[in-house]
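Colleague: next one to model:
(one chain, ligands or ions: 1)
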Amino acid sequence: MEMENWKGEGMERHFWPPMFLDPSYRWEDYSVGRGVTVRLLAVQDGGEGKTASCLTGQMVWPAARVLSQYIVDQPELVQTRTVLELGAGTGLLGLVAAKLSPCPRKVVLTDNNMTTLDMMEANIEENFPTQTTIPRCAHLHWGENLDKFLSDHGKFDVILGADVILWTQYIRPLFKTVKNLLSQTETAMFLLCYQCRYTELKDKVYEAAKEVNLLGKEIQIQENATFSELEDKTKDTLHLIKFCHQFVNKCETNAVCSTI
Ligand SMILES: C[S@@+](CC[C@H](N)C(=O)[O-])C[C@H]1O[C@@H](n2cnc3c(N)ncnc32)[C@H](O)[C@@H]1O
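Modeller: Predicted structure coming up:
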């Protein structure tokens, strides 16, 4: 990927382009179990050094691998449902969801970085070369132009986010996005897997969720095969949380539920 191919829209407000470009791109197979393998173009400098400090969407982060494993272990979570991935980066997680689905088109992968979107598009083509129904790829900057996105794509049964809790200023826009784009049903969920890189982050996540009436529940991941392969320092910081709408009245009978 050449420097001049960097289009910058969205990201130039926040980052210096060369931070996001690394010469070590390579195609690699990611096996997530149960026969699901995704072939990805990504940066290979995994986890340490300059790539990690750049916080790019051009490598596959441990959170994406752990959440991919989680949905492979419970394919019914995504199989027949509409799925949106936020900050999808290389697209591993969304592509796994699409491979589990009988209708991959129900899966939409998004990011706000145009270089990342180019790479994601290449990864979609590589994994769905001949199918007539393939996952979609779209620009989405959290909190912005949500009405337009909604009219183009509708609401989603499941929203996925892997390692998208990085900068505190984006936590509220992220949850605003989830609030606007998550179907208003009891089974709708936002699955968030992230590395808690500084202590106050976790509280901020729950605060932002509460502001949009989403209830979070931490999911135990010790049994997750991919999680168990991670280094201890990564394990210690990794969280998987399931957020659902907070309904005012729980339906104990067949009575109609009211929502906030
Ligand atoms: C650390 S990477 C994670 C990528 C991928 N989900 C993974 O786990 O491998 C964070 C991703 O979020 C995207 N991102 C950051 N801020 C964003 C924003 N405000 N709106 C949309 N995407 C954003 C970045 O471009 C990047 O692809």
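
Colleague: in the stretch 151-260 of the chain, which spans are strands?
Modeller: For the stretch 151-260 of the chain, the strands defined by DSSP state E, counting those that start in this stretch cover 158-162, 189-195, 214-218, 238-245.

Colleague: the ligand contacts on this structure?
Modeller: By the rule CB under 6 Å from any ligand atom, the part of the chain lying against the ligand is 55, 57, 60-61, 63-64, 87-90, 92, 111-113, 116, 140-142, 162-164, 166, 170. (Each C-beta comes from the backbone N, C-alpha and C, glycine too.)

Colleague: how about the closest residue to the ligand within the chain: what's its closest non-neighbour residue?
Modeller: The nearest approach of the chain to the ligand comes at residue 57, 1.9 Å away (CB to the nearest ligand atom). Distances taken as CB to CB, 6 or more residues apart in numbering put residue 89 closest to residue 57, at 3.3 Å, once the chain neighbours are dropped.

Colleague: winner for burial among the strands of the stretch 151-260 of the chain?
Modeller: strand 158-162 (a mean of 26; mean count of other CB atoms under 10 Å).

Colleague: one step back: pretty sure the residue of the chain closest to the ligand contacts residue 109?
Modeller: No - taking CB atoms under 8 Å as the definition, residue 57 is not a contact partner of residue 109, at 10.8 Å.

Colleague: what helix or strand is the residue of the chain closest to the ligand on?
Modeller: Using DSSP states H and E, residue 57 maps to neither a helix nor a strand.

Colleague: that one - how many residues pack around it?
Modeller: 27 (other CB atoms under 10 Å).

Colleague: now the helix or strand encompassing residue 98 and strand 158-162, what's the angle there?
Modeller: Element membership of residue 98 [criterion: DSSP H and E] is helix 92-100. Angle, helix 92-100 to strand 158-162, by axes from the mean of the first three to the mean of the last three CA atoms, to 10 degrees: 140 degrees.
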